[in-house]
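Student: Fold the following, please.
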Amino acid sequence: MIRITGTEIDLPLLIEAAADRSPGAERLGWHSHEGVQLVFLITGATTYELATGRALELPGGHFLVVPARIRHRGLNNLRMPSEVASLAFNFRRGGKSSARPFTRAELDWMGSSFKEFGVGVYPFGPAVKAIVHYLKSEIGAWNGSQTTLEQKARLRMLICSHILETARQIARRPVERPNAIVVAAVEYLRAHLDEPLSVAALTKHLGFSRARVFELFTAETGLAPHHYLIRLRLEKATELLRNTRQSITEIAFATGFASGQHLSRVFRTYRGETPSECRESVNGHASAASKFPSRNQTCTPAAAGEAGPEMSV
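Tutor: Have a look, this model is predicted:
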């Protein structure tokens with residue numbers, strides 16, 4: 001992860017700009033910022049959790065807005081290969097009027113836009129989509145003290161443009177609400193984690209065709225239902241490994257796996273470690289790369305012995 005502070009590029013309102021491309025990421029612990037944070041997920045999918053208990057799915061092609069002082073964290077450390085850029089900024093740190101890129105009135109307008117709509121997930125609008133790739137590229141080219149004046153100027157321009165276009169987008173449209181069909185599907189999957197599941201049972205429960213369910217689910221979460229089910233089961237298994245003394249076999253049955261060996265095989269495939277290693281690392285800082293597929297990749301269920309397209313585990 002490359003991180004750049006406002007001090008480094010002479011942009012007082014910026015707290016931090018960051019970018020990364022990683023097959024996995026360490027769990028983001030509880031934290032907050034003194035200003036607004038924007039998280040732009042270019043590819044991949046992840047989940048954030050608020051201190052209130054609310055979970056927010058963030059699929060690729062979307063960005064998350066977190067207002068100042070809102071405590072949040074990455075939900076578990078089960079992330080797919082992803083490309084992400086983020087900005088944290090405080091409009092009250094705009095600097096002297098002669099040095100800042102925006103007037104006080106403009107800063108107040110942008111600040112009120114982010115504050116009014118609160119926490120939310122939005123799809124990339126055309127302007128945001130166009131800028132985010134350039135922004136990530138410029139952050140990736142950062143070379144500390146060796147960075148040229150031209151690069152710093154370009155980075156300042158891109159960050160200011162990105163903040164402005166993001167504020168314009170959220171001021172013009174409501175927060176994107178999760179699709180009700182997908183919400184119902186996720187609730188059904190969570191409620192039946194310890195049972196054999198099939199696509200037929202899921203679509204019958206929802207009352208929609210298989211094709212429609214897959215289309216909506218993938219658009220909303222970045223994953224097909226059977227891949228999402230694996231993610232949920234591994235998240236639950238990880239939670240039980242960390243917080244209970246249940247045996248691996250007991251945890252396997254509680255999360256829908258056929259046996260302890262089956263859980264271990266899938267766990268190693270997606271987490272790069274065994275359940276025992278995960279449990280042993282609770283008090284340490286070990287982190288393994290997860291291998292969830294991105295939107296343009298596929299799982300190989302046969303290699304892992306996990307749920308195939310029919311979700312039977």
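Student: counting contacts, what elements does the helix or strand hosting residue 263 pack onto?
Tutor: Secondary structure assignment for residue 263, by DSSP states H and E: helix 260-271. Applying 3 or more C-beta pairs under 8 Å, 6 or more residues apart in numbering; DSSP states H and E, we find helix 260-271 packed against helix 225-243, helix 248-254, helix 275-280, helix 301-304. In this view, the C-beta of every residue, glycine as well, is placed from N, C-alpha and C.
Student: tell me the most buried of those helices?
Tutor: helix 225-243 (a mean of 21; mean count of other C-beta atoms under 10 Å).
Student: mean confidence score for it?
Tutor: The pLDDT scores in helix 225-243 average 89.
Student: and if you look at stretch 157-173?
Tutor: Rounded mean pLDDT across stretch 157-173 is 90.
Student: what helix or strand does residue 38 sit in?
Tutor: strand 36-43.
Student: Can you name the residues in contact with that strand?
Tutor: For strand 36-43, contacts defined as C-beta atoms under 8 Å, 6 or more residues apart in numbering pick out 48, 58-68, 81-91, 111, 114, 124, 128, 132-133, 135-136, 162-163, 166, 294-296.
Student: partners of it, with directions?
Tutor: strand 62-66 (antiparallel), strand 82-89 (antiparallel) (DSSP bridges).
Student: Just checking the distance from the helix or strand following that strand to the centre of its chain.
Tutor: Next helix or strand after strand 36-43 toward the C-terminus (DSSP H and E): strand 45-50. For strand 45-50, the distance from its own C-alpha centre to the chain's C-alpha centre is 5 Å (C-alpha atoms, centre = their mean, to the nearest Å).
Student: do the same with stretch 164-173
Tutor: 21 Å.
Student: how about the CA coordinates for that stretch, as PDB?
Tutor: The C-alpha trace of stretch 164-173 is given here as PDB (Å, rounded to 0.1, in the frame of the first residue of the first chain):
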ATOM      1  CA  LEU A 164     -15.000  17.700  -6.500                       C
ATOM      2  CA  GLU A 165     -16.500  15.200  -8.900                       C
ATOM      3  CA  THR A 166     -17.300  12.800  -6.000                       C
ATOM      4  CA  ALA A 167     -19.100  15.600  -4.100                       C
ATOM      5  CA  ARG A 168     -21.000  16.500  -7.300                       C
ATOM      6  CA  GLN A 169     -22.100  12.900  -7.900                       C
ATOM      7  CA  ILE A 170     -23.400  12.300  -4.400                       C
ATOM      8  CA  ALA A 171     -25.200  15.700  -4.300                       C
ATOM      9  CA  ARG A 172     -27.100  14.800  -7.500                       C
ATOM     10  CA  ARG A 173     -28.300  11.300  -6.600                       C
END
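Student: Check what contacts that stretch and list those residues.
Tutor: So stretch 164-173 is contacted by 38, 63, 65, 102, 109-110, 113-114, 116-117, 120, 122, 125, 127-128, 131 (C-beta under 8 Å, 6+ apart).
Student: Only the buried residues of that stretch, if you could.
Tutor: Across stretch 164-173, burial judged by 16 or more other C-beta atoms under 10 Å covers 164, 165, 166, 167, 168, 169, 170.
Student: Having no further points to raise, I will conclude here.
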